[in-house]
Structure formats: structure tokens, C-alpha cells
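# My questions are about this predicted structure, shown below with the sequence.
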Amino acid sequence: MPYFDVASSAPLHPVARQALQASLDEGWADPARLYREGRRARMLLDAAREAAADAVGCRPDELVFTPSGTHAVHAGIAGVLAGRRRSGGHLVVSAVEHSSVLHAAEVHEAAGGSVVRVPVGRTGAVSAASYARELADRPDTALACLQSANHEVGTVQPVAETAEVCAAAGVPLLVDAAQSLPWGPVEGGWSVLAASAHKWGGPAGVGLLAVRKGVRYAPQGPADERESGRSPGFPNLPAIVAAAASLRAVRAEADAEAARLRVLVDRIRRRVARLVPDVEVVGDADRRLPHLVTFSCLYVDGETLLHELDRAGFSVNSGSSCTSSTLTPSHVLGAMGVLSEGNVRVSLPHGTTAEEVNAFLEVLPRAVAGVREQLGVSEAPPAPVGGEAGSLTLDALGLRCPQPVIELAKAIGRVAVGGVVTVLSDDEVARLDIPAWCSMRDQEYLGESPAAGDAVAYRVRRTH
């Protein structure tokens, strides 16, 4: 059964498994102790730190191991904000950061700090110029954050250029490198870096936090003598050893595997757009991770589509809001202004074959067509040529994604060209998907306004 969701978590790398089993016998003692077993454990910890630092591109004494990538992000943000409190209490992040960064920003706001979220374009990328403007407007900025590559759509961010802008303003830049670190070091003069071992085939429960020398950093919480005080508690040494070993192993394979997987992802990008009607492939087509592709299908319930693909033997993920576990649109897709319904994220593991990708491309069109048929849309509803009404109000209250868009697609032909359809909806996702539908269907989106109760009125003018 092909597993196509390594952006969430990669299977344990064979090297990690071997290192984990070996270090269970050698790495159980306290590495802070001076007796023989402690010295042996310390040697393993030091070797793992050196290997990880080499992969990150920092000094070993700048890197500590944490219980997770999320812990590394939270500790990094809190530590720099505390260390630079005299510089100000302003935090700059991109609108598409991982939720761990955004949650830390919310905590900072709740404590009285200020946060600005830098917008992105339709590819999901920020511009270094946007960061420059924010820093110029807020000399009290203590920290800026920018992911190296987006977790949901794979777009690679301009970290090096943004780091130059931050350095010129005297502001440290924290980089969430969880998705990109398996493929190579993060270029540029970043100040703080966080990553997570389970993203590259290491064991879950190990994160990395690198803080460059010279960055003002004040660890938060009770004092602890371990890991420079930045990650308290007894280290999981066998998992740390396995994480460092697997990072070195995947890096050794990275260039060749990236070239091979990029060809397969390019095949998916091309064929999905050709094989599936009314689909939007999102993210940057060129500046992207080599193994990840994301697309959204009109008139499709995302949860049902994932279940259909799972039954066909393919494990994929989704940023779609049309799932039982996600009641609001993906903040990434929302910030990009792209379609969220029927969203599928495919992230290929090392070793994925062309035969597996071809099998997925054979199954996908049937799965999408089947879901549309269940929703009463045998194919994408075209806009009829006729239509006489000048305006129409469509009551979609109580309907959930993707039904409001389906009803809009059916209703647009009932008004004349130039006429307006007003969709009343209380579904949060409509705020994203109705404008995206207009863009895909070349209809004019006129905006939204409050309606009775929790409803919102979305106005669409028929253009053809």
C-alpha cells in the first residue's frame, strides 16, 4: 500500500532502526556522569550532536536536542523574545507558517506582545521586500520567523534574502526547517533554526534547536543544566543517536533522490491537471520541495475523497476544510487565496517508484468522479448559455463544503450575463472557496457582506 504522506511523518529509515537498536545497549546511562557508562553515553551524545550540527550547518555547541520539533519552535521563539525584550515586543511571521509558530505567536499576543502576519501570493511565497517594509515600520521588532518551505504546498521561501533584510535591521530570523532539512542545509544567515526528526525518517520525539552565537537568548521555565538549559530533562539518547544517523543517511541520498522524485512529482502535476476536470494545482511550480505536490478539486468533499483513495490503497493527506476534524479552512490555502475543497497533498517517500505514481494517477480520476456523483455532480456543472433573471438570491444556509459552491455553479446560469447571484451561507469555507470558484470559472466576485444571524452574503456577477 503506497504511503504518500511523508510531509506528516516519514517511515523509520533503516539506518535509524539500526542505530536505535545498537544504542539501546550503549546509551542508557546518564551522559552527565563521570563513570564508564556515563562517559560512553556522553560520547554517543557528542557524536550525534556533531553529525546533526554538520547537517544543519552550525557549530555543535549551538545545537541542542529537544523532545519534538514543536518544542524546538516554541522554545526558540520564547527564548529569543525573552532575550531581546529590551529591543521591543514585536514579532513578525508569515501568514503560512506551521501552526506551532502561529500558536506561539498567539501566546505572545495574549501576553501583551504584538504580531504581524506577512501576506503571501497565490504560490504561497512571501517576498523579502515585505519583511523589509514590516521591519522598517516597526523598529521594536524582537524576532522574525520564516519557514524554509511550506508544509502544505511545498513552496520554498526566500530565506537567504529575508535573512539579509533581517540582519540589516538587526533582527534575528528563526527558520522552521522541518520540511526542507532532509534535502539540504538552509542557506543564508539565519539566526535560529528548528527541525523535527520524524520528518526525515528518524524516531518521533526528537527535535533540533540551533541558536547562533551572538543571538540574545534567555531560556524560559525552571533552570536545568542539560542541553545548555534550552531543553530540560533527561535526553532520549537512543532516539537522538538514531535521529542523527538517519539525517546523515538521507542527506547522502538527497541529491539523487531529489532529482528522481522531482520527475515523478512533475508527472503528477501535469497529469492531474489533464485527467481531472476542474482541478487547481497549488504552490510554486518551480521553487518547491522535490517530493511534494498539492491540488484541489472543485465540487469534492475532501474527507470522502481521502477515504476513497485509502480504500484504493493510497495514503495521502489534505489541507481541505471539508473534513470532520477541520471545521475552518486551512490557514495556508486561505492565505494563498486558492481553492480548499477536495484538497489532496501527495508527499512521496524515498524509494517511490514510477509504477506506484502511475497507479495513483489511474485511481484518482475515478475517485474524484465517484465523489462528485455522490454529491449530485456527475461532472463539473457548466454555466448554461441562457438565463433571464437580473439577480438571484441563493439560500445555502446549513450546507457545508462543497455544497455552497455546487449550488452556486448550478444557479449561475439562471441569471443573464451581467446579473448577480447572492449566496447566503454560514459555512466558514465559503469565504475562501466562492472567490476561488470565480477565479477558476472566470466569473466576477463582488465581495461579501454580513447577513442575518451568522450568515454571510457572497455576491457573484455572471460574466459569460
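Done, it's in.
# how long is stretch 116-130 end to end?
Start-to-end span of stretch 116-130 (C-alpha to C-alpha, to the nearest Å) is 11 Å.
# Going by the annotation, which residue ranges form each domain of this structure?
14-250, 254-374, 389-461 (automatic domain parsing).
# Next, format these as JSON lines and append distance to residue 2, mean neighbour count and mean pLDDT.
Bear in mind the C-beta positions are built from the backbone N, C-alpha and C, glycine included. Formatted as JSON lines, these follow (distance: least, C-beta to C-beta, whole Å; neighbours: other C-beta atoms under 10 Å; pLDDT from 0 to 100):
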{"stretch": "domain 14-250", "distance to residue 2": "16", "mean neighbour count": "20", "mean pLDDT": "96"}
{"stretch": "domain 254-374", "distance to residue 2": "5", "mean neighbour count": "20", "mean pLDDT": "91"}
{"stretch": "domain 389-461", "distance to residue 2": "26", "mean neighbour count": "19", "mean pLDDT": "90"}
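# Now do the strands in the stretch 351-464 of the chain.
Counting by DSSP state E, counting those that start in this stretch, the stretch 351-464 of the chain has strands at residues 389-395, 415-425, 444-450, 456-461.
# Adding distance to residue 69, write these out as JSON lines.
Compiled in JSON lines, these are given as follows (distance: least, C-beta to C-beta, whole Å):
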{"stretch": "strand 389-395", "distance to residue 69": "44"}
{"stretch": "strand 415-425", "distance to residue 69": "36"}
{"stretch": "strand 444-450", "distance to residue 69": "37"}
{"stretch": "strand 456-461", "distance to residue 69": "36"}
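# For residue 284, find the nearest of these.
Closest to residue 284 of those is strand 444-450 (C-beta to C-beta; 23.7 Å).
# can you list contacts of stretch 436-443?
278, 280, 296, 298, 337-340, 383, 405, 408-409, 412, 444-445, 460-464 (C-beta atoms under 8 Å, 6 or more residues apart in numbering).
# which residues in the stretch 201-350 of the chain form strands?
207-211, 279-282, 292-297, 343-347.
# And the strands in the stretch 51-200 of the chain?
Going by DSSP E, counting those that start in this stretch, the stretch 51-200 of the chain shows strands at 63-66, 90-94, 114-118, 141-145, 173-176, 192-196.
# who are the neighbours in contact with the residue nearest the centre of the chain?
For the chain, residue 151 is the residue whose C-alpha lies nearest the centre (C-alpha atoms, centre = their mean; 2.2 Å). By C-beta under 8 Å, 6+ apart, residue 151 lies in contact with 7, 98, 178, 179, 332.
# if we go to 10 Å?
Residue 151 sits next to 7-8, 96-99, 176, 178-179, 199, 289, 292, 317, 319, 332, 345, 347 when contact means C-beta atoms under 10 Å, 6 or more residues apart in numbering.
# mind checking how far it is from residue 8?
Distance, residue 151 to residue 8, by C-beta to C-beta, to the nearest Å: 9 Å.
# Same check on residue 101?
Residue 101 is 17 Å from residue 8, by C-beta to C-beta.
# go on, residue 92?
Here residue 92 is placed at a distance of 27 Å from residue 8 (C-beta to C-beta).
# so what's residue 130 closest to, chain neighbours aside?
Spatially, and ignoring its direct neighbours in sequence, residue 130 is nearest to residue 118 (5.0 Å; C-beta to C-beta, 6 or more residues apart in numbering).
# Having no further points to raise, I will conclude here.
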